[in-house]
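In: A structural model of the following input is requested.
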Amino acid sequence: MRLHTFLGVESQVTGSDQMVWWLTEGIRDWVEAAYTVETDIEKLGDAMIQRIEEKRKALGI
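Out: Next up is the predicted model:
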């Protein structure tokens, strides 16, 4: 995945389960991008750090 966007607020599409799925899962394979939505700032920071570490590992650094 090339682009991963982290959001600290709920998107205005949360009324549609299908749209939430497309933004958080389905779009990954289609355009190599995805969103992570987490309103808890501590959990959001942890998710961001985890993704950075995954990318670093993949690059061998």
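In: max-length helix in the protein?
Out: In the chain, assigned by DSSP state H, the helix with the most residues is helix 41-59.
In: So which residue is dead centre in this protein?
Out: Thr36 (2.8 Å; CA atoms, centre = their mean).
In: what's the closest non-adjacent residue to that residue?
Out: Nearest non-adjacent residue to Thr36, counting by CB to CB, 6 or more residues apart in numbering: Phe6, 5.0 Å away. (Each C-beta comes from the backbone N, C-alpha and C, glycine too.)
In: next structured bit after the host helix or strand of that neighbour?
Out: In this structure, Phe6 sits in strand 3-7 according to DSSP states H and E. Following strand 3-7 in sequence order, the next helix or strand is helix 17-21 (DSSP H and E).
In: name the helices or strands packed onto the helix or strand just after that following helix?
Out: Downstream of helix 17-21, the next assigned helix or strand under DSSP H and E is helix 27-31. Packing partners of helix 27-31 (3 or more CB pairs under 8 Å, 6 or more residues apart in numbering; DSSP states H and E): strand 33-37.
In: what's the strand it packs on packed up against?
Out: Against strand 33-37 (3+ CB pairs under 8 Å, 6+ apart) you get strand 3-7, helix 27-31, helix 41-59.
In: coming back round to it: what pLDDT, on average, does the strand holding Phe6 get?
Out: In this model, strand 3-7 has an average pLDDT of 82.
In: could I get that strand in CSV with only the CA atoms?
Out: Provided in CSV are the C-alpha atoms of strand 3-7 (Å, rounded to 0.1, in the frame of the first residue of the first chain):
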residue,chain,number,x,y,z
LEU,A,3,-0.8,5.8,0.8
HIS,A,4,-2.3,5.4,4.3
THR,A,5,-4.2,8.3,5.8
PHE,A,6,-4.9,8.5,9.5
LEU,A,7,-8.0,10.5,10.7
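In: out of the helices and strands packed on strand 33-37, which comes closest to Gly15?
Out: When those are compared by CB to CB, strand 3-7 sits nearest Gly15, at 16.1 Å.
In: Thanks a lot, see you next time.
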